[in-house]
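Peer 1: Below are the sequence and a predicted model; questions follow.
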Amino acid sequence: MSGSTVYVPADSSAVAVGADAVAEALGSLEDVTVVRTGSRGMLWLEPLVEVETPAGRVGYPNVTPGVVAGLVAEGLLSGVAVGASIGVVDEYPWLARQHRVSFARVGVIAPTDIAAYEEHGGWAGLRRALVMEPAEVVEELAASGLRGRGGAGFPTGIKWRTVLQTSADLKFVCCNLDEGDSGTFADRMLAEGDPFTLIEGMLVAAHAVGAREGYIYCRSEYPAAAATLRRAIDVAYAHGWLGDRIQGSDLSFDLFVRLGAGAYICGEETSMLESLEGRRGEVRAKPPIPAIEGLFGRPTVVNNVLTFAAVPMILADGGAAYAALGSGRSRGTQVFQLAGNVRQGGIVETDFGISLRDLVEDYGGGTVTGRPVRAVQVGGPLGAYLPATDLDVPMDYEALLEVGGMLGHGGVVVWDDTFDAARMARFAMEFCAKESCGKCTPCRIGSQRGVETIDRIIAGTERERNLLLLDDLCTTMTKGSLCAMGGLTPMPVQSAIRHFAEDFDRRTS
Ligand SMILES: Cc1cc2nc3c(=O)[nH]c(=O)nc-3n(C[C@H](O)[C@H](O)[C@H](O)COP(=O)(O)O)c2cc1C
Ligand code: SF4
């Protein structure tokens, strides 16, 4: 066998289950070229080795160094169906059914191979943007209907228009890669697997609003993402995609990576800006909004990784093409992240509107334990616990609000029937107490009182009275908190009581 090309993910999720050793074992074979890629997002199959064949890349899941020699002897390098081969990866139903837009190149190309990026459609959006007026780019974004993927779902076009229309000597573009939500990992996988897409999205933003400088705020728990981004930035400078007069245009833009230090609240945009300025991550009162007074007091675009990652396609194919996808006021695709007690966890990018049931039962394949699904938390630690009876909700911003939930960053965490709602409600308050920035009383003190009140309910002490007190406390936190940390913590707590009241009852003495 000679001249085989084999792809092995270098994504942290694959490395965690031995992908580096598998790559080494394959690399030691004669005439084998190993290309390290991101992950396709089928995490239960990692390490997923792919072999180039005339029919496409053939996949071999859960490869360990110990089985490499055997699989090769049986014909792995010719792409024959040995071991548990899943066949041509692009045709594998779990992946083929998805609509990969932002994740189109993740797991396909080597992350910092700038030629491969271009061959796979990279830079087309930026090239088009650069021959448009900034205001036209902003209107293209507005027409796409893109809403921020970090959690709040704010229309990106409106945010960019505000920055464009605010005069200042300096403007910034900042990317929020703090990704603190439980059950989320898409920002990391995009950064590790296709960093140029993020860079391209930020460059389009810079041109649209007139910014010269940008920062990617990356959580320190993501060292591989930070390293890949830094490598990609160096490569982009070397090829004239960052720096002065990018590709001979009027756009000049410098981009830097900064590391956070592990506080959930530093994902909140004003806290993130404080942290970027070198201060303690404490929430700023709004107004002024960051689009008017952001980093170092200058107009600043702050967007999530997935928001920027949607931008290149919007510019390349036009806002109308993106707006044609989705449901209701949720346009385009959403990168869902399946986690928790689920058999097939990973990345599912589809048009908005897919049902939660399709995600959990069809893509997810049900629970790992084989027990019935009892609860699903969508949208991170501040999202509602939805009961199995809500599984038919369409996954879009408004439909989730209607059932008392929220989409957040698209994380979907599944529990089986051992889910204990009272314990999870307590955890929500405890999490808020630990992660509160401490600036406002309803959150700083309220969350601590919340833990104590739930403890009394669990202990069966004056249960009815304490449930009323907890409800009152939740109202105070919702209405009186300065930011969504304290403002949304009641969502998991109250949804747990609403849907799983018996869990708060059964310990009553
Ligand atoms: C407590 C808290 C944590 C947050 N964490 C993140 C985060 O990790 N990543 C993120 O992009 N947005 C996070 N957000 C939302 C940001 O404040 C902000 O809305 C977002 O970065 C704006 O980008 P977008 O419009 O592209 O979503 C958080 C908000 C709150 C209140
Ligand atoms: S709600 Fe909590 S995290 Fe937000 S400003 Fe108040 S104390 Fe800080």
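Peer 2: On my side now, so go ahead. Numbering: from 1, shown residues only. Ligands and ions are numbered 1, 2, ... in the order given.

Peer 1: how about the helices in the stretch 351-500 of the chain?
Peer 2: In the stretch 351-500 of the chain, the helices defined using DSSP state H, counting those that start in this stretch lie at 356-357, 397-402, 421-435, 441-459, 463-480, 484-488, 490-499.

Peer 1: Distance to ligand 1 added to those, as a markdown table?
Peer 2: For every residue, glycine as well, the C-beta is placed using N, CA and C. Formatted as a markdown table, the helices of the stretch 351-500 of the chain follow (distance: least, Cβ to the nearest ligand atom, whole Å):
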| stretch | distance to ligand 1 |
| --- | --- |
| helix 356-357 | 21 |
| helix 397-402 | 12 |
| helix 421-435 | 7 |
| helix 441-459 | 10 |
| helix 463-480 | 13 |
| helix 484-488 | 4 |
| helix 490-499 | 12 |
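
Peer 1: want to throw those helices into JSON lines with mean pLDDT?
Peer 2: As requested, the helices of the stretch 351-500 of the chain are exported to JSON lines (pLDDT from 0 to 100):
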{"stretch": "helix 356-357", "mean pLDDT": "98"}
{"stretch": "helix 397-402", "mean pLDDT": "96"}
{"stretch": "helix 421-435", "mean pLDDT": "97"}
{"stretch": "helix 441-459", "mean pLDDT": "97"}
{"stretch": "helix 463-480", "mean pLDDT": "97"}
{"stretch": "helix 484-488", "mean pLDDT": "98"}
{"stretch": "helix 490-499", "mean pLDDT": "98"}
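
Peer 1: and Ala309, which of those is closest to it?
Peer 2: helix 397-402 (18.1 Å; Cβ to Cβ).

Peer 1: Make sure Val301 is actually in contact with Val209.
Peer 2: Yes - the pair Val301 and Val209 qualifies as a contact (Cβ atoms under 8 Å) at a distance of 5.7 Å.

Peer 1: coming back round to it: out of the helices of the stretch 351-500 of the chain, the one nearest Gly157 is which?
Peer 2: helix 397-402 (15.7 Å).

Peer 1: Would you mind listing the outside residues contacting that closest one?
Peer 2: 147, 153, 327-330, 378-379, 393, 406-407 (Cβ atoms under 8 Å, 6 or more residues apart in numbering).

Peer 1: Show me which strand runs longest in this protein.
Peer 2: strand 333-340 (DSSP state E).

Peer 1: Tell me, how many residues neighbour Val88?
Peer 2: Counted by other Cβ atoms under 10 Å, the residues lying close to Val88 total 16.

Peer 1: So it versus Leu95, what's the distance?
Peer 2: 10 Å (Cβ to Cβ, to the nearest Å).

Peer 1: now Asp472
Peer 2: Asp472 is 48 Å from Leu95, by Cβ to Cβ.

Peer 1: can you check Ile199 too?
Peer 2: For Ile199, the distance to Leu95 (Cβ to Cβ) stands at 25 Å.

Peer 1: shaky segments in the protein?
Peer 2: 1-2, 506-509 (pLDDT under 70).

Peer 1: Quick check: can you list the domain ranges of it?
Peer 2: The chain is divided into the following domains under the TED database: 4-89, 114-324, 326-416, 421-504.

Peer 1: the more surrounded of Ile199 and Leu95?
Peer 2: Using other Cβ under 10 Å, the more surrounded residue of Ile199 and Leu95 is Ile199, with 28 against 20.

Peer 1: and that one, that's in a helix?
Peer 2: Yes - Ile199 forms part of a helix when assessed by DSSP: H, G, I helix; E, B strand; the rest coil.

Peer 1: which residue is nearest the middle of this structure?
Peer 2: Ala186 (3.5 Å; Cα atoms, centre = their mean).

Peer 1: Arg100: which of the domains of the chain is closest?
Peer 2: For the domains of the chain, the distance to Arg100 is smallest for domain 326-416, at 5.0 Å, taking Cβ to Cβ.

Peer 1: how long is the closest one end to end?
Peer 2: Start and end residues of domain 326-416 are separated by 29 Å (Cα to Cα, to the nearest Å).

Peer 1: The nearest residue to Ser102 once chain neighbours are set aside is in what secondary structure piece?
Peer 2: Residue nearest to Ser102 in three dimensions, not counting chain neighbours: Ala309, with 4.0 Å by Cβ to Cβ, 6 or more residues apart in numbering. Secondary structure from DSSP states H and E places Ala309 in helix 305-317.

Peer 1: how far does that helix sit from the chain's center?
Peer 2: 14 Å (Cα atoms, centre = their mean, to the nearest Å).

Peer 1: Identify each buried residue in it, please.
Peer 2: 305-317 (16 or more other Cβ atoms under 10 Å).

Peer 1: How about stretch 240-256?
Peer 2: 241-242, 246, 251, 253, 255.

Peer 1: ditto for stretch 373-389
Peer 2: 373-388.

Peer 1: Now, those that are in strands?
Peer 2: Using DSSP E, the members of these that fall within strands are 373-378, 385-387.

Peer 1: Could you list the buried residues of the helix or strand that contains Ala73?
Peer 2: Here Ala73 sits within helix 65-74, counting by DSSP H and E. Residues 65, 67-68, 71-72 are the ones in helix 65-74 that count as buried (16+ other Cβ under 10 Å).

Peer 1: before we move on, back to that, would you format the contacts of helix 397-402 as JSON lines with distance to Ile445 included?
Peer 2: JSON lines is the format used below for the contacts of helix 397-402 (distance: Cβ to Cβ, whole Å):
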{"residue": "Arg147", "distance to Ile445": "33"}
{"residue": "Gly153", "distance to Ile445": "29"}
{"residue": "Ser327", "distance to Ile445": "40"}
{"residue": "Gly328", "distance to Ile445": "38"}
{"residue": "Arg329", "distance to Ile445": "36"}
{"residue": "Ser330", "distance to Ile445": "36"}
{"residue": "Val378", "distance to Ile445": "28"}
{"residue": "Gly379", "distance to Ile445": "25"}
{"residue": "Val393", "distance to Ile445": "34"}
{"residue": "Met406", "distance to Ile445": "25"}
{"residue": "Leu407", "distance to Ile445": "29"}
